[in-house]
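S.K.: this one's sequence-less:
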């Protein structure tokens, strides 16, 4: 059942080989009607240089001889390893789990022998307990049984499978999807599927739409059933017109899906921006989309849910975009979870220039990895190898008060003043200017002609606020405890 | 190969990892480019001398900026071209026949006193070029009020100097025939170097709008206010529409509205604040032109509004995302109820 290396796709011709050796061909641009509707959007935002390359065929990044599977690939409690050194594990087999609600199990992405369970570099920094597996290159699978017809109609069964397959928010946040959906049941009346992919460079969602349109729509249907809502809205930016055409031709209405074209603008894919664009509702400050009756699930997550429910596959691979000026050309690679960056760089043909930064995810919200030995995880949508070319850092940046940050802020904030109060350490005023509303999209920093480290400052300020409130809470608790002790 | 990679030192930074290509220098360069048509008109009508004056002005501005930063042991900021721009703007608000040393004095005041003493770029609270002009107006009133005759009018006018369209309007006298709208549009009139041709300034303004250096808000509100007020109040001896057009096209209004009032450091950054600021500039300009002691009001109108910028920004705090009007009303009602309950 393994996917062979001749799996590939181009923008105009679709051809891939499945496990049953069926060849599907499809020319996309000619056969379908143009679907043009009014694009929906939000206020503010920027237009970065998109650098997207959906015309680059999907290549399979050959699995490395050793995969490193970190026990933390989600927000929540870390997993405990279920295997020992020396055990033989199969592809898709569960190797780590934590029984607490907010967690997601991890699975092996290859078959082979466990050779170590030790802290290894994690892409998000730090050393994290990881299971290291030596690949036997057999890809012997251990699949879960696909859900039955009745189970596919039952929200509880779907949610159970979503959790079991380790599905997390694969847009990058990596929040366990089952927890998210469960929390929204009853409150949510509009389900929004996020197909904006507004980050520059990334093509994974776009290529998923083009390669697996029917599967994707079925996956969205499952999410819709799990959410107990009648209709799902699929927001797609209009720079993916071919995907909109293709999906529209497959009669999405039969799955209870409406496609909503959106204006091409960053950060259209932000949760709050999606809610605003599709429904016109504004998420309350400090609240979740479910507070205004919405739930946002990413494209790739829906496809993972399809795979989990119909094929019994757990989350072990995804299409990851590799780009940046250190590489000769961008690569859209079907990559196993746990592939170290070093191996990826070799597979992409090595570096033409010395990289200065490894950026995980898109360049607008992506953070930097600190080691070439760190592996990809479930939430990695892209790995960008940046050199000096992309670097526009300056020494001693000085604000010229142009106010361009204010015009682009999608959250109606005033970064110029927030930064001023931040540099003075004036917490009271920072709060008055709603620094906690900032979701770090980076639009203000991106657009700043003076290259001020605005997003950096707000991220730091938010952490400082959290520390402060935690301290106050601890102090209050200690006082209460002391009072009780006196009594 | 792997051994090589071990030695690579990786940078780590918070997001975003990419930045727009437009930086401070690019913005300043765009404004300088946008001023070129206006300067070209001056050269066309007055020969090479206005250009020489502009070059002296730019050179002295850059020298003062460099010298001050050097003396104070601060990092040099002449690379961002903001001093070049200040120098150029100051030259453009001097009469075409100003003596060569005048811009040097003006620039000393503009760069050292107004800009650098308050911390340099982005920190000054008055527009340096306009403050420099105001300083020169007070110190050399005679020179600043004497305008040379343009080449196009050399045959029609006797003498070396002549009155500007604005001074005719100020005194209430009828406009001479050779100062029609066409001459105001093309710039075949006496006046300051940069404010001759309305057309040249509008071309510059369109360029700035197209390159997103400025938004329509400040110039739109400024010019709109002047137009509306002049249309309403009019003037004896002029038709109201005619009076409005003369007001819009003469004096430093176009230069002021497009290039001076939009100065980043000294104008509000909040969107509604920018509108109020523009309206304030317009109202003050008309007020000074009608009742002031000088024919021209743009300089002081903008300088006065510069001083209000901070207060305007404070007053136009944006509404918080996700908080509707009903939420605010509910919160107020809750507070009120809590107060009453406390009583």
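M.R.: Nice, thanks for sending it over. Computed from a predicted structure; not experimentally measured.

S.K.: can we go C-alpha only for contacts and neighbour counts from here?
M.R.: OK.

S.K.: Around chain B, which positions in the stretch 1-150 of chain A sit nearby?
M.R.: Within reach of chain B by C-alpha under 8 Å from any C-alpha of the partner chain, the stretch 1-150 of chain A has these residues: residue A:48.

S.K.: What segments of the stretch 1-150 of chain A are helices?
M.R.: All helices of the stretch 1-150 of chain A, identified by DSSP state H, counting those that start in this stretch, fall at A:28-31.

S.K.: Need the pLDDT of the residue of it found nearest chain B.
M.R.: Among residues of the stretch 1-150 of chain A, the one nearest chain B by C-alpha to the nearest C-alpha turns out to be residue A:48. It sits 6.9 Å away. Per-residue confidence (pLDDT) for residue A:48: 89.

S.K.: cool, and the one 10 residues further on?
M.R.: Here, the pLDDT recorded for residue A:58 equals 83.

S.K.: quick one: residue A:418 and residue A:436 touch, right?
M.R.: No: shown here, residue A:418 and residue A:436 do not form a contact pair, counting by C-alpha atoms under 8 Å, at 10.5 Å.

S.K.: These two: which is more packed in?
M.R.: Per other C-alpha atoms under 10 Å in any protein chain shown, whichever of residue A:418 and residue A:436 has more neighbours is residue A:418, with 24 against 19.

S.K.: Identify the residue nearest the more buried one in space, chain neighbours excluded?
M.R.: Closest residue in space to residue A:418, ignoring its immediate chain neighbours: residue A:430 at 5.7 Å, by C-alpha to C-alpha, 6 or more residues apart in numbering or on different chains.

S.K.: Next secondary structure element downstream of the helix or strand harbouring the one you found?
M.R.: If you go by DSSP states H and E, residue A:430 is part of helix A:427-432. In the C-terminal direction, the helix or strand that comes right after helix A:427-432 (DSSP H and E) is helix A:443-447.

S.K.: Give me the helices and strands touching that next one, please.
M.R.: Counting contacts by 3 or more C-alpha pairs under 8 Å, 6 or more residues apart in numbering or on different chains; DSSP states H and E, the secondary-structure elements packed against helix A:443-447 are helix A:404-408, helix A:454-486.

S.K.: So which of these is nearest chain B?
M.R.: In terms of C-alpha to the nearest C-alpha, the element of the helices and strands packed on helix A:443-447 nearest to chain B is helix A:454-486, at 5.6 Å.

S.K.: Residue A:452: neighbour count?
M.R.: For residue A:452, the count of nearby residues is 23 (other C-alpha under 10 Å).

S.K.: Show the contacting residues for the residue nearest to it when sequence neighbours are not counted.
M.R.: Nearest non-adjacent residue to residue A:452, counting by C-alpha to C-alpha, 6+ apart: residue A:397, 5.6 Å away. Contact analysis of residue A:397 by C-alpha atoms under 8 Å, 6 or more residues apart in numbering or on different chains lists A:450, A:451, A:452.

S.K.: ok, back up a step: identify the residues contacting the residue nearest to residue A:418.
M.R.: With contacts taken as C-alpha under 8 Å, 6+ apart, residue A:430 has the following neighbours: A:418, A:421, A:422.

S.K.: and with 10 Å instead?
M.R.: When contacts are counted by C-alpha atoms under 10 Å, 6 or more residues apart in numbering or on different chains, residue A:430 touches A:415, A:417-422, A:424, A:436, A:458, A:461-462, A:465.

S.K.: and if you look at residue B:323?
M.R.: Residue B:323 sits next to A:282, A:283, A:284, A:285 when contact means C-alpha under 10 Å, 6+ apart.

S.K.: quick one: which of the residues you listed has the most company?
M.R.: For the contacts of residue B:323, neighbours were counted using other C-alpha under 10 Å, and residue A:283 has the most, 22 neighbours in all.

S.K.: element containing the nearest residue to that one once chain neighbours are set aside, please.
M.R.: Closest residue in space to residue A:283, ignoring its immediate chain neighbours: residue B:322 at 5.0 Å, by C-alpha to C-alpha, 6+ apart. Following DSSP H and E, there is no helix or strand that holds residue B:322.
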